[in-house]
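> fold the following for me, if possible:
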Amino acid sequence: MQINKRPIPLVSLAPANSMRARIDTNPEFQRPAVWTVSQKQLLIDTILRGYDIPKMYWRRIGTGPDRYEVVDGQQRLRAIWGFVDGDFRLPSNAEPITDHVLADVSYLDLPDDLRMQFDTYSVDVVVLDDTDGDEVREMFLRLQNGTSLKAQEKRNAMPGQMREFVRNLTQHSFFTRVAFQNRRFAHDHVAAQLVCLELAGAPVNIKDADLNRMYRSNENFNAMSVEGRSINRRLNFLSEIFTERTPELERYNVIALYCVFAELQRSYAFANLGIDFEAWFLNFEETRRAQEGLDEDVGSAEWVTYKEKISHSTDAEESIRYRTDFLMRNLLIQYPDISLRDNQREFTHSQRLAIFRRDRQICQLHIVCEGIRVDWDNWHCDHIVSHANGGPTTVANGQVACPACNLAKGSN
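From the prediction side, this is the model:
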């Protein structure tokens, strides 16, 4: 890497017909524009008073004429350009400079000597030559250290194939269906969380520290790996279900739905059942909203707990697992004929939970007892038509049995 420092007057980089057209302020590792108007106004006031502003770092990416991408300083550049373009004015409480009033003044309103002072103000620019992408991203992270970069903005500047894979995932059509905009790499954040869940094969913590570890330990991630193909397959499935922007697809729902459909695709045979997954999910959300409108002493305790799980710590394993189980149980109760891929004898956790709640924890056999209420830790999930006689392992063919009744049934 070669580093060269040079001063550039604003008149050379601010007007629309200047070198401005050859400066890319939005390379892929950069965060979007986030400065407020007051921050921009402060920068312009600083320049007009002749104070120093931090130097900028640009990477030269072409010659004849030279072209650059901004490694550090894009917020400052955007503020300067916006002021020259008339996008904002100085604040109404701006202090005067000598005898010149600056309150609510635009670039074109500046007195000639102040405008000349602005135009001839030199910005210190460090130009980087002979650099590769990883070097630039490393410098970007170092330069941003201590600033208010969000965690995903930092991850977007990390080197390696995991970053590339996550970035490419955000171009999937499914992300045009979600309810949240891609502000400050929100889509990248959720995509990274989905990758983390897929690599684990089950609900896990997907907090920033977990995602950082994932990026660092998977720098050589192969997009064509089993996990890489699985993620795209699941997103394809979700995109086929939700064909337009869906306001119910908030971040917490995207995470839980991904886990639900990952479990379905891994363990269940459901392709030919004609299930309208979109209608099921929208009905689920309608029920949730109706429950939220009830007083806590009237509404279901389970829905109250679910509300808490979508309101706090939504990236924690416990919350994700609860939401996934809740959705999966609701789906299996609505569609009890969903069977396992290999029709194994043992019911899955989700099937057991659906049967347990559907039967209200009451023994259905009535052989020894007359319908006692069982605890989660002390009951049997019984095939109505026995597995030996061809009975499928489905919610429709399952029932709650107390241990005594189930053992008595087996001895008959």
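> how long is stretch 372-384 end to end?
18 Å (C-alpha to C-alpha, to the nearest Å).
> to clarify, my last question referred to stretch 156-174.
20 Å.
> can we start the residue count at 671 from this point?
Sounds good: first residue 671 from here, last item stretch 826-844.
> buried ones in it?
826-830, 832-833, 835-837, 839-840, 842, 844 (16 or more other C-beta atoms under 10 Å). C-beta: built from backbone N, CA, C; applies to glycine.
> from those, which one has the minimum pLDDT?
Among the buried residues of stretch 826-844, Ala827 carries the weakest pLDDT, at 73.
> which other residues reach stretch 1026-1037?
999, 1003, 1006, 1039, 1041-1046, 1049, 1051-1052, 1065, 1069-1072, 1074-1076, 1078-1079, 1082 (C-beta atoms under 8 Å, 6 or more residues apart in numbering).
> typo on my end, it should be stretch 960-975
957-958, 977, 992, 996.
> now the terminal residues of that stretch, how far apart.
15 Å.
> what about Gln1069, which SS state?
strand (DSSP: H, G, I helix; E, B strand; the rest coil).
> measure it to Gln1034 for me?
Distance, Gln1069 to Gln1034, using C-beta to C-beta, to the nearest Å: 4 Å.
> ok, those two, which is more surrounded?
Gln1069 (19 against 15; other C-beta atoms under 10 Å).
> residues touching the more buried one, list them.
1025, 1029, 1034-1035, 1051-1052, 1054.
> show the buried residues in those residues.
Buried among the contacts of Gln1069 (16+ other C-beta under 10 Å): 1025, 1029, 1035, 1051-1052.
> could you find the closest non-adjacent residue to Ala684?
Val754 (4.7 Å; C-beta to C-beta, 6 or more residues apart in numbering).
> give me every residue that touches that neighbour.
By C-beta under 8 Å, 6+ apart, the residues touching Val754 are 684-685, 777.
> pLDDT wise, what is it at?
94.
> SS state for it?
Using three-state DSSP, the structure places Val754 in helix.
> quick one: the strands in the stretch 671-820 of the chain?
Under the criterion DSSP state E, counting those that start in this stretch, the stretch 671-820 of the chain contains strands at 672-679, 693-694, 726-732, 737-742, 792-799.
> show me how the protein divides into domains.
Taking automatic domain parsing as the reference, the chain has its domains at 672-818, 820-1005, 1014-1082.
> pLDDT averaged over stretch 719-733 - what is it?
88.
> buried stuff in that stretch?
So, applying 16+ other C-beta under 10 Å, buried residues of stretch 719-733: 726-731.
> would you turn the residues you listed into CSV with distance to Leu680?
Below are the buried residues of stretch 719-733 laid out as CSV (distance: C-beta to C-beta, whole Å):
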residue, distance to Leu680
Met726, 12
Tyr727, 17
Trp728, 15
Arg729, 21
Arg730, 20
Ile731, 22
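> element containing the most centrally placed residue in the chain, please.
Centroid check for the chain by C-alpha atoms, centre = their mean gives Val860 as the closest residue, at 1.9 Å. Using DSSP states H and E, the element containing Val860 is helix 856-870.
> quick one, what contacts Leu780?
Contacts of Leu780 by C-beta under 8 Å, 6+ apart are 718, 788.
> now do the helix or strand Met884 falls within against helix 856-870: the angle between them, please.
Using DSSP H and E, Met884 maps to helix 878-887. Relative orientation of helix 878-887 versus helix 856-870 (axes from the mean of the first three to the mean of the last three C-alpha atoms, to 10 degrees): 70 degrees.
> could I have the CA atoms of helix 878-887 written out in CSV?
Extracted in CSV, the C-alpha atoms of helix 878-887 (Å, rounded to 0.1, in the frame of the first residue of the first chain):
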residue,chain,number,x,y,z
ASP,A,878,-23.6,-9.3,17.7
ALA,A,879,-20.8,-11.2,19.5
ASP,A,880,-22.0,-14.5,18.0
LEU,A,881,-22.2,-13.0,14.5
ASN,A,882,-18.7,-11.5,14.9
ARG,A,883,-17.3,-15.0,15.8
MET,A,884,-19.1,-16.5,12.8
TYR,A,885,-17.6,-14.0,10.4
ARG,A,886,-14.1,-14.5,11.8
SER,A,887,-14.2,-18.3,11.9
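> hmm, which helix or strand of the chain has the shakiest average pLDDT?
helix 803-814 (a mean of 64; mean pLDDT, DSSP states H and E).
> next SSE downstream of that helix?
Assigned by DSSP H and E, the successor of helix 803-814 is helix 821-825.
> contacts for the helix or strand following that following helix next, please.
Using DSSP H and E, the helix or strand that directly follows helix 821-825 along the chain is helix 831-839. Contacts with helix 831-839, where a contact means C-beta under 8 Å, 6+ apart, come from 698, 825-827, 845, 858, 861-862, 864-865, 884-885, 888-893, 898, 901-902, 905.
> can we see that at 10 Å?
698-699, 803, 807, 822, 825-828, 845, 855, 857-866, 869, 881, 884-893, 895, 897-898, 901-902, 905 (C-beta atoms under 10 Å, 6 or more residues apart in numbering).
> repeat that for stretch 1071-1082.
Against stretch 1071-1082 from outside (C-beta under 10 Å, 6+ apart): 1025, 1029, 1031-1045, 1048-1054, 1056, 1069-1070.
> swap in 8 Å and give it another go.
By C-beta under 8 Å, 6+ apart, stretch 1071-1082 touches 1033-1039, 1042, 1044, 1048-1052.
> send the alpha carbons of stretch 938-957 over as CSV?
Coordinates of each C-alpha in stretch 938-957 appear next as CSV, following Å, rounded to 0.1, in the frame of the first residue of the first chain:
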residue,chain,number,x,y,z
TYR,A,938,-41.3,-33.4,7.7
ALA,A,939,-43.1,-34.5,4.4
PHE,A,940,-45.5,-31.7,3.6
ALA,A,941,-44.9,-30.8,0.0
ASN,A,942,-48.1,-32.4,-1.4
LEU,A,943,-50.5,-31.4,1.4
GLY,A,944,-51.6,-28.2,-0.2
ILE,A,945,-50.9,-26.1,2.9
ASP,A,946,-51.5,-22.4,2.5
PHE,A,947,-48.6,-21.2,4.7
GLU,A,948,-49.2,-17.5,4.0
ALA,A,949,-52.9,-17.8,5.2
TRP,A,950,-51.8,-19.7,8.2
PHE,A,951,-49.2,-17.1,9.2
LEU,A,952,-51.4,-14.1,8.6
ASN,A,953,-54.2,-15.8,10.6
PHE,A,954,-51.6,-16.4,13.4
GLU,A,955,-50.6,-12.7,13.4
GLU,A,956,-54.3,-11.7,13.4
THR,A,957,-54.9,-13.8,16.5
